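*Asks:* Here is my input, please return the structure:
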Amino acid sequence: METIKTTLRIAGIVKESIVDGPGIRLVVFAQGCKRRCPGCHNPQTHPFDGGKIININEILEMIDRNPLIDGITLSGGEPFEQAEAFAVLAEKVKEKGLNVMTYTGYTFEEIMKNLNTKAGWERLLKASDILVDGRFIQEERDLTLKFRGSKNQRIIDVKKSIENNRVEIILI
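*Replies:* Below is the predicted model of the structure:
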């Protein structure tokens, strides 16, 4: 019998953001990241024992209380380090008719390669509408980019990329 993950370790939540994806978004910052990119915008999210534990239902209630929310953004830290629980959250958000944007330090290709070996990765990827992939690279930092920090990062249409078996970039 599969155990459903109902809690997340998070660094924090921004209840309304217009800089973390299209429209008005609720942003959940995962706690814990192995990548620890130099110059990371959120270095406080790196330790796996930091932050706080929250029940997914508490996040869903926040969304329900705000009719202006267009979607949810999963950021970090690294959401794929808690992929099973973030997948549950993302699927429940999709059931509400909202979209899901996920930031990850992994590339789309790394995720695809590990879909069957990493618990929850396939579910989280498929529950994400938009994926911003790739490590933050200080030397490629560009403050003029929309929704990403460095030029190597891509904004990907997940559904089209899976259907076409190649990365489909969204031009925003």
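
*Asks:* Point to the residue nearest the middle of this protein.
*Replies:* Geometric centre of the chain, nearest residue: residue 102, 2.5 Å, by Cα atoms, centre = their mean.

*Asks:* I'd assumed that residue was in a strand, is it?
*Replies:* Yes - counting by DSSP: H, G, I helix; E, B strand; the rest coil, residue 102 is part of a strand.

*Asks:* all helices for the chain, in order.
*Replies:* 56-64, 83-95, 108-113, 121-127, 158-164 (DSSP state H).

*Asks:* other SSEs contacting the second one?
*Replies:* In this structure, helix 83-95 makes packing contacts with strand 7-17, strand 25-30, helix 56-64, strand 71-75, strand 99-103, helix 121-127, judged by 3 or more Cβ pairs under 8 Å, 6 or more residues apart in numbering; DSSP states H and E. Where you see a C-beta, it was placed from the backbone N, CA and C, and this is true even at glycine.

*Asks:* mind redoing it with 10 Å?
*Replies:* strand 7-17, strand 25-30, strand 52-55, helix 56-64, strand 71-75, strand 99-103, helix 121-127 (3 or more Cβ pairs under 10 Å, 6 or more residues apart in numbering; DSSP states H and E).

*Asks:* and what of the last one?
*Replies:* Helix 158-164 makes packing contacts with strand 99-103, helix 108-113, helix 121-127, strand 130-133, strand 154-157 when contacts are defined by 3+ Cβ pairs under 10 Å, 6+ apart.
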